[in-house]
Structures are given as C-alpha cells and as structure tokens.
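In: From the sequence below, what's the structure:
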Amino acid sequence: MPKSLVAAIAQAKCPKCREGNMFPVSPFSYRKLTVINSSCPVCEATFNPEPGFYDGAMYISYAFSVALMFTSLVAINVLVAEPKLWMYLSTVVGLTICLMPAMLRYSKTLYQYGVGKLKYRGF
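Out: Model prediction:
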C-alpha cells in the first residue's frame, strides 16, 4: 500500500517510490549527520542529481533554526517572570544541539521533495 506524502516525508522515504530510506541512519543519530544514500535501495532513484544539490537545503535548515529560537524565546518569556540571559542562551543552545540531526535530515528531505526532479510513481 503506498504511503501518503506526509507520511513519506515524515519517515524520510524516497520521493519516487515512497518505500526506500533516504538516509542510512536514524533521524536522531549524531553519526553521519550529513550522509544521504546515493540511491534508493528499492527503486534505484538517484538522490544526488548533481554536486552541491543539497546546498539549497541550508535555507530550510535556517528557517527551522529561526523558528526554534523564536518559539523557545517566546516560551521563556511566557513561562518565566524575570528571565535571565543564561536561560535564553542555554535553552536555545540545548534545543539546537538536541534537534540538529532532525533539522538537518528534514531540511534535506523537504528540499528533495520540493526541488528535486523525483516525482511519485505508484507501483
């Protein structure tokens, strides 16, 4: 049964078949943060169409970082009566370190689905 678009993106599956994994490691692994499979293990679709293809994913990653920072700063202002500078810094740095693997993975996944030439073909 074919996966929905949202489920395929959430699980970082191949945009063409929505079955094969785009990444060799789990989403929250700090090993091989920037490694993406060269091709889909199921349909053999190429994930790296040209050198530097995923450089554009930096913009999506930047948007994730800005959203994370804005959300955490607003949450601290709402939850703490008189927040100190160290609260802001430690929260933003801690959350960024914890969520970095997921942000890098999903920025590449969204970039591949949005800009990549691989279109879904239900088999």
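In: for R18, what are its contacts?
Out: For R18, the contact set (Cβ atoms under 8 Å, 6 or more residues apart in numbering) comprises 2-3, 5, 7-8, 120. All C-beta spots, glycine's among them, are computed from the backbone N, C-alpha and C.
In: Apply 10 Å and report the result again.
Out: R18 sits next to 2-5, 7-9, 11, 40, 42-43, 120-123 when contact means Cβ atoms under 10 Å, 6 or more residues apart in numbering.
In: Kindly report the same for Q112.
Out: Taking Cβ under 10 Å, 6+ apart as the definition, contacts of Q112 comprise 9, 12, 14-15, 22, 36, 47-49, 53-54, 57, 118.
In: For this protein, just list every one of the helices.
Out: Under the criterion DSSP state H, helices of the chain are mapped to 5-10, 57-79, 85-115.
In: The last one vs helix 57-79, what angle?
Out: In this case it means helix 85-115. Calculated by axes from the mean of the first three to the mean of the last three Cα atoms, to 10 degrees, helix 85-115 forms an angle of 140 degrees with helix 57-79.
In: buried set for helix 85-115?
Out: Neighbour counts over helix 85-115 (16 or more other Cβ atoms under 10 Å) mark 87-88, 91-92, 100-101, 103-113 as buried.
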